[in-house]
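> structure for this input, please:
(chains A and B)
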Amino acid sequence: MSIDKSWFDQMEQRIPHGEVRTRFAPSPTGYMHVGNLRTALYTWLIARHAGGKFLLRIEDTDQGRLVEDAVEVIYATMRRCGLTWDEGPDVGGPVGPYIQTERRDLYGKYAQLLIEKGHAYRCFCTGERLEQLRSSDPNAKYDRHCLSLTPEEVQSKLDAGEPYVIRQRIPEGSTTFQDAVYGEITVDNADLDDQILIKSDGLPTYNFANVIDDHLMGITHVVRGAEYLSSAPKYNLLYQAFGWDIPTYVHCSSVMFNDPATGAVRKMSKRYGDPSYQDLVSQGYLSQAVVNYVALLGWAPHGDISEQEFFTMEELVKAFEISGISKSPSAFDMDKLNYFNATYLRALPPEEFAREAETWIRRAVKNPAYDAAAIAGLLQARCERLSDIPEKVDFFDALPQYDVELFTNKKSKTNAEVSLNMLKAALPALEALPDWTQDAIHAALAGLAEQLGVKNATLMWPVRIAAAGKAVTPGGAVEICRILGRDETLRRLRQGMDKLS
RNA sequence: GGCCCGGUGGUCAAGCGGCUAAGACACCGCCCUUUCACGGCGGUAACACGGGUUCGAUUCCCGUCCGGGUCACCA
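You can find the predicted model right below:
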């Protein structure tokens, strides 16, 4: 039942050589997590930095965990983050298909080849037997029960239609491999399990499919999370068993999450409600801010740009070196992400910020008389996340119930009595203004303060409080009055006076 | 628990045998100011511990401690 050698030769001939090729290989089991995003980014950067190719491969061999639309989410995330791919399920390429279930026949052939070479064997053990094995010793590896089956016994079980898996036969000795981040690592083969390569449903495990596909797709740099570091020796042994070139391994340390509630530190994960990329975007974070922040989480530039923190994608591509990837896990810091996001928000051209902010503003400000673009202008330097917006501007639509105490402010030298006088003076001045513009209102109020012999703040404070009903507002008295319009401003000032008298 | 990998301020981090040990976030103070922000200026704060190697260790080696990962017919 040997397979025609020419088929293998054909597969080998398709493999591109002479360029850096990396791949991001997510499984469509859920949404994109921050750690995943970072791995995808680094993988992409390694390819782009070297002028090589970046491919997307979907690893959907786990039938039980498939999630509807997950592939679409992956595509959308990659696109929004600017992670373009040269080959993949949707765009094709020379070494396709790029979805593992569409490659299912090929894994069996390679497994068969491995059996013939003596590096793998069929195992008919039942799940119950394996469980029993483990219950007596939780650390127990597979006891190689089926390794001793004679060819005749195997054949008769096959003829009887008994289900089986194919296991890797780990040789004696030790295995050493190189990792571009962690350096040389050696493990005793006795610590390695005869892992399953082909499951009883005929599909390959991740561990096997990964090696086959990476080789067949000409992947030169295998970039993945450090959680795979422990299984790397088994991959290495597989490459060796086939006689294939071993790719450069690039294991990236985990992204940890410092839970502010419990103080615990752990790997970021959905099950604890840690934010995914989608969550961040829906909370009002900009893609580029997230990408920029994440790039620096576990990587730092070398040389004269070691202090640079803000990078365009082009700059990242230019600066990214594998040697800058750090070994130790790093904690995702919301405060710092906020800072990046705030900086990106402020750097936006005002029109663009207004466009991004408008839907958020309109969640709180329904009255079309209030100019969203003008409000956006007040907000741009004052929010870290777009989602901060609604609560900041809710006072436009409805003056909040507020306490007269708000009129008292030490720094502005105001109290209830002073405030009442200020409002009394401001009212006619504003009423008489020919133009209701920023400059006109400011000039009128500033002039009035001078005339009254008080500092600007003494007049501005009560006006702002009466207009907004809040101690803290985006923008000062002038800006708020201008947006409210004359009628509403005067109405609110009178209301304030009533409160004070 | 076995195996693997880490350990510079609260966090991200530069450093790669000789430095007063960068920078950023956060925090604190001051200035600016029409509140709050933005912006500007300044400040508090670190080489986990113990042995070596060396003229000299944050940097190299060993141990301890601490942290993380992994031990599936999941990826």
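
> tell me the contacts of the residue of chain A found nearest RNA strand B?
With C-beta to the nearest atom of the strand as the measure, A:Gly476 is the residue of chain A nearest to RNA strand B, at 1.7 Å. Quick note: C-beta positions are derived from backbone N, CA and C, even for glycine. By C-beta atoms under 8 Å, 6 or more residues apart in numbering, the residues touching A:Gly476 are A:460, A:464.

> that one and A:Glu431: what is the separation?
20 Å (C-beta to C-beta, to the nearest Å).

> just how off-centre is the helix or strand of chain A with the lowest mean pLDDT within its chain?
Using mean pLDDT, DSSP states H and E, the weakest-scoring helix or strand in chain A turns out to be strand A:265-267, at a mean of 75. When distances are taken as C-alpha atoms, centre = their mean, to the nearest Å, strand A:265-267 is centred 16 Å away from the chain's centroid.

> against which helices or strands is it packed?
When contacts are defined as 3 or more C-beta pairs under 8 Å, 6 or more residues apart in numbering; DSSP states H and E, strand A:265-267 packs onto strand A:255-258.

> can you classify A:Ala466 by secondary structure?
Following DSSP: H, G, I helix; E, B strand; the rest coil, the label given to A:Ala466 is helix.

> isn't it right up against A:Glu488?
No. A:Ala466 is beyond contact range of A:Glu488, at 11.4 Å (criterion: C-beta atoms under 8 Å).

> between those two, who's got more neighbours?
Between A:Ala466 and A:Glu488, counted using other C-beta atoms under 10 Å, the more crowded position is A:Ala466 (30 against 17).

> what sits against that one?
By C-beta under 8 Å, 6+ apart, A:Ala466 lies in contact with A:423, A:492-493, A:495-497.

> quick one: list the elements packing against the helix or strand that contains A:Ala331.
Per DSSP states H and E: A:Ala331 is located in strand A:330-332. The contact analysis (3+ C-beta pairs under 8 Å, 6+ apart) places strand A:330-332 against strand A:255-258.

> remind me what the strand it packs on packs against, helices and strands.
By 3+ C-beta pairs under 8 Å, 6+ apart, strand A:255-258 packs against helix A:34-49, strand A:265-267, strand A:330-332.

> picking up where we left off before, mean confidence for the next helix or strand after the least confident helix or strand of chain A?
As assigned by DSSP H and E, the chain's next helix or strand after strand A:265-267 is helix A:277-282. For helix A:277-282, mean pLDDT rounds to 94.

> ok, stretch A:104-115 next?
Mean predicted confidence for stretch A:104-115 is 95.

> around RNA strand B, which positions in the stretch 1-150 of chain A sit nearby?
Contact residues (C-beta under 7 Å from any atom of the strand) of the stretch 1-150 of chain A with RNA strand B: A:25, A:27, A:29, A:59, A:61-62, A:64-65, A:125-127, A:130, A:134, A:138-139, A:141.

> are any of those buried, and which?
When those are checked for burial by 16 or more other C-beta atoms under 10 Å, the buried set is A:25, A:27, A:59, A:61, A:125.

> neighbours around A:Ala443, how many?
For A:Ala443, the tally of surrounding residues (other C-beta under 10 Å) stands at 14.
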